[in-house]
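K.L.:
Compute the structure for the input listed below.
(one chain, ligands or ions: 2)
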Amino acid sequence: MLTAREVAVLDANAEALGVPRKQLMESSGNAVARAVRDLVDPGAAVAIVAGRGNNGGDGLVAARFLDEYEASVHLLGRASAIGTDIARENWEALIEAEYDAHEVTDSSALALGDPDLVVDAMLGTGVAGDLREPEATAAAAMIDADATVLSVDVPSGVDPDGGVRASNAVDADHVVTFHDTKPGLRAVDAEVRVEPIGIPAAAERFVGPGDLLRPGRDPRGHKGDHGEVLVVGGGPYTGAPALAARSALRAGADLVRVACPHPVARALQGYSENLIVRPFEGERFAPGNVATVAALATGHDTVVLGPGLGDATATLDAAGQLLSGLGGTVVVDADALQVVPEVETDATLLCTPHQGELRAMGGETAADPAERADLAEAFAAELGHTLLVKGAQDVITDGERTRRNRTGNAGMTVGGTGDVLAGACGALAAVLDPHAAACVAAFANGRAGDIVVAERGHGLVATDLVDALPQALRRPDAAGGAA
Ligand SMILES: NC(=O)C1=CN([C@@H]2O[C@H](COP(=O)(O)OP(=O)(O)OC[C@H]3O[C@@H](n4cnc5c(N)ncnc54)[C@H](O)[C@@H]3O)[C@@H](O)[C@H]2O)[C@H](O)CC1
Ligand SMILES: [K+]
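P.N.:
Ligands and ions are numbered 1, 2, ... in the order given. Here you go, the predicted model:
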């Protein structure tokens, strides 16, 4: 089941893998033509009504696969109003090849003739609200044509996600949809066929630039909308919580505070004036600090627990007590991971172990990425939390959905990259569900490493990653063209 957003993610990931949208459109159009062949015999009159987006583009492509039919193409609007290059190029090919194709500039001039079958290629996953003109008149003309109606992807006017039908939506007899069915088609009373269009399984299996399209930051948002993150760390180490906090800021958090022992507070503040430090008593995080830190945590969207805490017994006790009392999403990293298997909590944990830490938690790992993914998936299901298992290929799994991330390079084994990843997870989990946040964070962290190596060669240090995160998080053009 694919929402319109998931379709956009897969298309962009397919493009990054070397399968451009125009190729997907060619496959979609071919699938439409196959559906036509199954419904009417060669020689039949087929009227293709095309919108100005890629749904229309699919219909334009289909015309080229229907030479044995009396196919006519009716573009709703001027060719200059076609919204995408790939749809426009397909229109231009029809005109150049002298197909029976017309621009309908006045909806009352729409003349479908007496078709045996109408292809509804007006609107698909890009629809919004009731059909406007000329789609509304065209939909009515389809009904008047008294022909079989085959809709492309979704009946025009049906919301692909929620299934809500616009009052003037097309009544389809048949629907041909692509790659996977759509939630909105459950409510459609028509024969639905799902056709592959050549999106490689890798577009789903591996995190790609398309995953950066997931709704997260609303650019029109206001301070505090994009997440307030609390890092609980420091003790033996001060660099780790500073890296995690700075990374959270670079990954989009609006406010990041660091709860840390008094003795490291000043050192931490020294790392960056962007950090707000909330010191607690003592040399290390201990049970006596849990109430204070828990109270602080309630005022934040996400918590990142672990960077630089150390593994003193009292600290691990405190970590377990803190987790058992929290709700919301908590990123757990480094030594704090040890307490996760035993802790009962209402919080959703996003755990970011490397393979040694995974084994210490009771999980298993393997050299083969696919096998490692299966083992991690089983362990995440057992734990009941989301795992981001770091490695040459990261594995992200919540026990059901399992994906792998291939960005990053050998230079990233340097200390601190895990703290940067944990901070990025903290920021992204404030605006995405934990699984999506882990996918995007793993992708961006590795991509930041690749950007740094490409620009400066090896010798990468963790602070380089922090600075490269904004560039690594830059979204591809949703309509086409990888970043
Ligand atoms: N991976 C895949 O499944 C692929 C699917 N393909 C097809 O692409 C469309 C989605 O195309 P898109 O350009 O994003 O949107 P639409 O064509 O559905 O519509 C946009 C178009 O329609 C106008 N519009 C929006 N709402 C209304 C309205 N209520 N009334 C009138 N007009 C409206 C809007 O202004 C735009 O002009 C998908 O469904 C598939 O068919 C790709 O071809 C390949 C990959
Ligand atoms: K349609």
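
K.L.:
what residues does the host helix or strand of D38 touch?
P.N.:
Here D38 sits within helix 21-39, counting by DSSP states H and E. Residues from elsewhere that reach helix 21-39, judged by CB atoms under 8 Å, 6 or more residues apart in numbering: 11, 14-15, 46, 54, 57-66, 69, 86-87, 89-90, 117, 119, 121, 148, 150, 152-153, 174, 176, 178, 193, 195-199, 480. For every residue, glycine as well, the C-beta is placed using N, CA and C.

K.L.:
I'd like the average pLDDT over it.
P.N.:
For helix 21-39, mean pLDDT rounds to 98.

K.L.:
Would it count as contacting ligand 2?
P.N.:
No: Helix 21-39 stays clear of ligand 2 (CB under 5 Å from the ion), getting no nearer than 9.9 Å.

K.L.:
quick one: contacts for Q355?
P.N.:
Applying CB under 8 Å, 6+ apart, the residues contacting Q355 are 365, 372, 389-391.

K.L.:
Nearest to R165 among these?
P.N.:
Closest approach between the contacts of Q355 and R165, by CB to CB: V389, at 43.5 Å.

K.L.:
ok, for the closest one, nearest residue in space, not its chain neighbours?
P.N.:
V395 (4.4 Å; CB to CB, 6 or more residues apart in numbering).

K.L.:
What is the neighbour count of that neighbour?
P.N.:
Neighbours of V395 under the rule other CB atoms under 10 Å: 27.

K.L.:
Wait, a strand at it?
P.N.:
Yes: the assignment for V395 (DSSP: H, G, I helix; E, B strand; the rest coil) places it in a strand.

K.L.:
Run through the bridge partners of it.
P.N.:
For V395, the beta-bridge partners under DSSP bridges are V389, R404.

K.L.:
Does it touch T386 like I think?
P.N.:
No: with contact defined as CB atoms under 8 Å, V395 does not reach T386; the gap is 11.0 Å.

K.L.:
For the residue nearest to V389, give its distance to ligand 1.
P.N.:
Distance of V395 to ligand 1, computed by CB to the nearest ligand atom, to the nearest Å: 26 Å.

K.L.:
On the three-state scheme, L387 is what?
P.N.:
L387 falls in the strand class when you classify it by three-state DSSP.

K.L.:
Nearest residue to it in space, please, no chain neighbours.
P.N.:
Using CB to CB, 6+ apart, the closest residue to L387 is A380 (4.4 Å).

K.L.:
Over to G399?
P.N.:
In space, and not counting its chain neighbours, G399 is closest to A381: 3.2 Å by CB to CB, 6+ apart.

K.L.:
Going by secondary structure, that neighbour is in what exactly?
P.N.:
In this assignment (DSSP H and E), A381 forms part of helix 369-383.

K.L.:
Could you pull out the buried residues of the worst-scoring helix or strand of the chain on mean pLDDT?
P.N.:
Lowest by mean pLDDT, DSSP states H and E among the helices and strands of the chain is helix 262-271, with a mean of 89. For helix 262-271, burial by neighbour count (16 or more other CB atoms under 10 Å) applies to 264-265, 268-269, 271.

K.L.:
How about stretch 29-37?
P.N.:
Neighbour-count burial for stretch 29-37, counted by 16+ other CB under 10 Å, picks out 29-33, 35-36.

K.L.:
ranges for the strands of the stretch 201-350 of the chain?
P.N.:
Remark: strands assigned in the stretch 201-350 of the chain by DSSP state E, counting those that start in this stretch are 228-232, 255-261, 276-280, 302-305, 329-332, 348-351.

K.L.:
closest to P183 out of these?
P.N.:
Of all these, strand 348-351 sits nearest to P183, with 23.5 Å by CB to CB.

K.L.:
Could you check how far P42 is from V118?
P.N.:
17 Å (CB to CB, to the nearest Å).

K.L.:
what would the strands of the stretch 201-350 of the chain look like in CSV with distance to L432, mean pLDDT and mean neighbour count?
P.N.:
Shown next, in CSV, are the strands of the stretch 201-350 of the chain (distance: least, CB to CB, whole Å; pLDDT from 0 to 100; neighbours: other CB atoms under 10 Å):
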stretch, distance to L432, mean pLDDT, mean neighbour count
strand 228-232, 13, 97, 29
strand 255-261, 17, 97, 25
strand 276-280, 23, 96, 18
strand 302-305, 10, 98, 31
strand 329-332, 10, 97, 28
strand 348-351, 11, 97, 25
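
K.L.:
could you dump those strands to TSV with distance to ligand 1?
P.N.:
Shown next, in TSV, are these (distance: least, CB to the nearest ligand atom, whole Å):
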stretch	distance to ligand 1
strand 228-232	34
strand 255-261	35
strand 276-280	42
strand 302-305	32
strand 329-332	30
strand 348-351	29
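
K.L.:
Now render the ones you listed as JSON lines, adding distance to M1.
P.N.:
Below are these laid out as JSON lines (distance: least, CB to CB, whole Å):
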{"stretch": "strand 228-232", "distance to M1": "32"}
{"stretch": "strand 255-261", "distance to M1": "36"}
{"stretch": "strand 276-280", "distance to M1": "42"}
{"stretch": "strand 302-305", "distance to M1": "28"}
{"stretch": "strand 329-332", "distance to M1": "24"}
{"stretch": "strand 348-351", "distance to M1": "22"}
